[in-house]
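Colleague: Requesting a structural model of the entry that follows:
(chains A, B, C and D)
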There are 2 protein chains.
Amino acid sequence: MTTGSGTVEKALALLPFFTEQSPTLGLSRLARLSGINKATTLRYLLALQSAGFIEQDAETSAYYLGPAFSKYARIRMAANPFQRVVDRVSASLASLTNETAHVSRLGHEELETVALVEGTRSARVILAQGERLPLHATASGLSLLGWATNEVLDAVLASELEVFTEHTISTTEQLLAVVQEVRTKGFSYGNQGFELDVVGIAAPYFDESGFAVGAVAVAFPVSRSTPDLERRVAIAVTAAGRELTTALGGVEPPTFPKARSDTEPSRASEVVTITS
Amino acid sequence: MTTGSGTVEKALALLPFFTEQSPTLGLSRLARLSGINKATTLRYLLALQSAGFIEQDAETSAYYLGPAFSKYARIRMAANPFQRVVDRVSASLASLTNETAHVSRLGHEELETVALVEGTRSARVILAQGERLPLHATASGLSLLGWATNEVLDAVLASELEVFTEHTISTTEQLLAVVQEVRTKGFSYGNQGFELDVVGIAAPYFDESGFAVGAVAVAFPVSRSTPDLERRVAIAVTAAGRELTTALGGVEPPTFPKARSDTEPSRASEVVTITS
DNA sequence: AACTTCGGTTTATTTATTGAACCAGTAGTT
DNA sequence: AACTACTGGTTCAATAAATAAACCGAAGTT
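Modeller: Sure thing, here's the model as predicted:
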């Protein structure tokens, strides 16, 4: 993917193998996974370690991500106020709904997680960090597709729609219908399209060109899904998306539904289910 | 210091130049600062960029830290529950005191910031991220020296005690006296030793060997310093240090002052409990 | 209009990277 | 107790990569 030919690229390519599923890795295992020679892998690890990006467990001698990430994540916020807003918005969303909040942005034809705050409930949704987050199978992706550039939409339509669950949108007809619905509503409803038992509600945010560049979502177990919760969440993520748009210096496109908080408050509850 | 001979080390050595004071840097400027050839610097930046560690402003073409740090910081928390505890503890300390909270750990003869949450007051202490944080001139460092290994203490005593302000401890006699005081109190009081107008109160936390490996501190302007605030903060940081010790699987050394819960039972428990 | 600085590119030279083989230690099997 | 299959880590000659000075065009300054 991002495999450049330079030494630095290759060294940094080790990092994506550290995921929430396997946050610690041994030398041999990492070398095998990455396909890089073991000696070279070790040199990379030592280099990363000297900069604080990798630490080694003294007992098991397994490697894991180092403290430098926290440090630079903080510094990044100074350079990029948007990240700070993202953190604040996702945190308030999570505390408001008690469910898992998630902000993502459009990467190479898939979503990249920008912020993630888990809900407080014991049965909260735990979003796997390293996962793929495809555009056609998640609430965030669908909301983004509703307002993405034609380029992005066409690319997804042209690609094979990978099926994750029995609810995953798998045909271009379905996808276009959902996208059309998203465009009228302003937010999306993702019904277990990526993972069973998980539903999500998402709204896009826009850059200055008026195209969606990311989405903010709240995910919860389907068992907790009620019209009331969904209505509240829909309103909350829409407001959050708007806040992110302004923080980004972006603008909502003219066709984006205005807030109808006063006009049709009851209608939102009708919005509950898109798929079935 | 961390300047390794390898290419990867040199590329990563660019990152520390991004600080909260100068979060964005141009190519030439960065090359000049780092002493690395401009062409090489650019190659490094591109490599870092391809991995998401650097982003470039489309308009000014200045570089700044990328989103990958946030991503890996999150993943690190999965591998290292301690970091998660650190974040929670520092956040609750800051909200409890409304002052700047700071958790650090012992690095190469100086402190490394592990978490930093600014207070909400308008005249809050803003701790410069990239700064050196010497052991002998900060509250955190002093609290750590009180319970560090002899190796660390001797190294500091043997080194030259850099003077930052008129209040900086500059002689070994002074330092030993303060260290002794820290050992009886269990926490340290840093009086403008590093920066004028800033006072701090810190407590150490310990690893399984029973030696201090870091400290947690609260810093505030000297103008706001009152006996009441200082007492509350001292109790809070001590409790926070204890929490970090247990989170780290560490133990307080036998000589470490026990909680004066016998003397002031209700107060300590009252102040401390902001959990989950 | 001369001067400086910017981001970025080119190229031959040189330097660091590479990887197969090799240790030594450990845990499980027979 | 020998055998096997792992582990983390090391060595060194072959090789492929990194390097840096000079250069370019553009954008400000004086």
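Colleague: dump the residue contacts of residue A:111.
Modeller: Residues in contact with residue A:111 (C-beta atoms under 8 Å, 6 or more residues apart in numbering or on different chains) are A:104, A:105, A:133, A:134, A:135, A:138, A:140, A:141, A:144, A:214, A:215. Just so you know, the C-beta spots here come from the backbone N, C-alpha and C atoms, and that holds for glycine as well.
Colleague: Let's see that with 10 Å instead.
Modeller: A:102-105, A:131-135, A:138, A:140-141, A:144, A:202, A:214-215, A:217 (C-beta atoms under 10 Å, 6 or more residues apart in numbering or on different chains).
Colleague: Okay, and which of these map to strands?
Modeller: Using DSSP state E, the subset of the contacts of residue A:111 located in strands is A:102, A:103, A:104, A:105, A:202, A:214, A:215, A:217.
Colleague: from the residues you listed, which is closest to residue B:194?
Modeller: Among the ones in strands among the contacts of residue A:111, residue A:103 lies closest to residue B:194 (C-beta to C-beta), at 36.3 Å.
Colleague: element containing the closest residue to that closest one other than its chain neighbours?
Modeller: Using C-beta to C-beta, 6 or more residues apart in numbering or on different chains and skipping the chain neighbours, the partner closest in space to residue A:103 is residue A:115 (4.2 Å). Using DSSP states H and E, residue A:115 maps to strand A:111-117.
Colleague: what's the spacing between that strand and its chain's center?
Modeller: With C-alpha atoms, centre = their mean, to the nearest Å as the basis, strand A:111-117 stands 4 Å off its chain's centre.
Colleague: The longest helix along chain A: which residues count as buried?
Modeller: Counting by DSSP state H, the longest helix found in chain A is helix A:227-247. Under the neighbour-count criterion of 16 or more other C-beta atoms under 10 Å in any protein chain shown, helix A:227-247 has A:229-245, A:247 buried.
Colleague: right, is that helix up against chain B?
Modeller: No. In terms of C-beta under 10 Å from any C-beta of the partner chain, no part of helix A:227-247 sits within range of chain B; the closest distance is 14.1 Å.
Colleague: hang on, the earlier thing: can I assume the residue nearest to residue A:103 is in contact with residue A:92?
Modeller: No. With contacts counted by C-beta atoms under 10 Å, residue A:115 stays clear of residue A:92, the gap being 11.3 Å.
Colleague: So these two - more neighbours on which side?
Modeller: Neighbours were counted for residue A:115 and for residue A:92 using other C-beta atoms under 10 Å in any protein chain shown; residue A:115 has more, 24 against 15.
Colleague: For residue B:72, see how far away that one is.
Modeller: Between residue A:115 and residue B:72 the computed distance is 14 Å (C-beta to C-beta, to the nearest Å).
Colleague: What helix or strand is the nearest residue to residue A:247 once chain neighbours are set aside located in?
Modeller: Spatial nearest neighbour of residue A:247, chain neighbours left out: residue A:85 (4.0 Å); criterion: C-beta to C-beta, 6+ apart. Element membership of residue A:85 [criterion: DSSP H and E] is helix A:81-97.
Colleague: pLDDT score for the closest residue to DNA strand D within the stretch 51-200 of chain A?
Modeller: Using C-beta to the nearest atom of the strand, the single residue of the stretch 51-200 of chain A nearest to DNA strand D is residue A:61, 4.2 Å away. We note a pLDDT of 85 for residue A:61 in this prediction.
Colleague: just to confirm, which helix or strand has it in it?
Modeller: Secondary structure from DSSP H and E places residue A:61 outside every helix and strand.
Colleague: and the stretch 1-150 of chain A, which residues reach DNA strand C?
Modeller: Residues of the stretch 1-150 of chain A that fall close to DNA strand C, judged by C-beta under 7 Å from any atom of the strand: A:7, A:10, A:36, A:37, A:38, A:39, A:40, A:43, A:44.
Colleague: List buried residues within these.
Modeller: So, of these, A:7, A:10, A:36, A:43, A:44 end up buried under the neighbour-count rule (16+ other C-beta under 10 Å).
Colleague: Where does the closest residue in space to the last one that isn't next to it in sequence sit: helix, strand or coil?
Modeller: Here the nearest residue to residue A:44 in space, its sequence neighbours aside, is residue A:11; by C-beta to C-beta, 6+ apart that works out to 4.0 Å. Classification of residue A:11 by DSSP: H, G, I helix; E, B strand; the rest coil places it in helix.
Colleague: And the closest residue to residue A:6 other than its chain neighbours, how far from residue A:17?
Modeller: Computed as C-beta to C-beta, 6+ apart, the closest residue to residue A:6 that is not its neighbour in sequence is residue B:47, at 5.1 Å. Counting by C-beta to C-beta, the gap from residue B:47 to residue A:17 is 18 Å.
Colleague: Check residue A:108 too.
Modeller: 18 Å.
Colleague: Looking at these two, which is more packed in?
Modeller: Neighbour totals were compared for residue A:108 and residue A:17, and residue A:17 leads with 14 against 7 (other C-beta under 10 Å).
Colleague: if I read this right, the more buried one contacts residue A:27, doesn't it?
Modeller: No. Contact criterion C-beta under 10 Å: residue A:17 and residue A:27 do not qualify, at 11.9 Å.
Colleague: Mind listing the shared neighbours of those two?
Modeller: Contacts common to residue A:17 and residue A:27, judged by C-beta under 10 Å, 6+ apart, are residue A:63.
Colleague: Need the overlap of contacts for residue A:115 and residue A:92.
Modeller: Shared contacts of residue A:115 and residue A:92, counting by C-beta under 10 Å, 6+ apart, come down to residue A:101.
Colleague: Isn't the residue nearest to residue A:247 up against residue A:248?
Modeller: Yes. In this structure, residue A:85 is within contact of residue A:248 by C-beta under 10 Å, at 8.3 Å.
Colleague: shared neighbours, these two?
Modeller: By C-beta under 10 Å, 6+ apart, no residue touches both residue A:85 and residue A:248.
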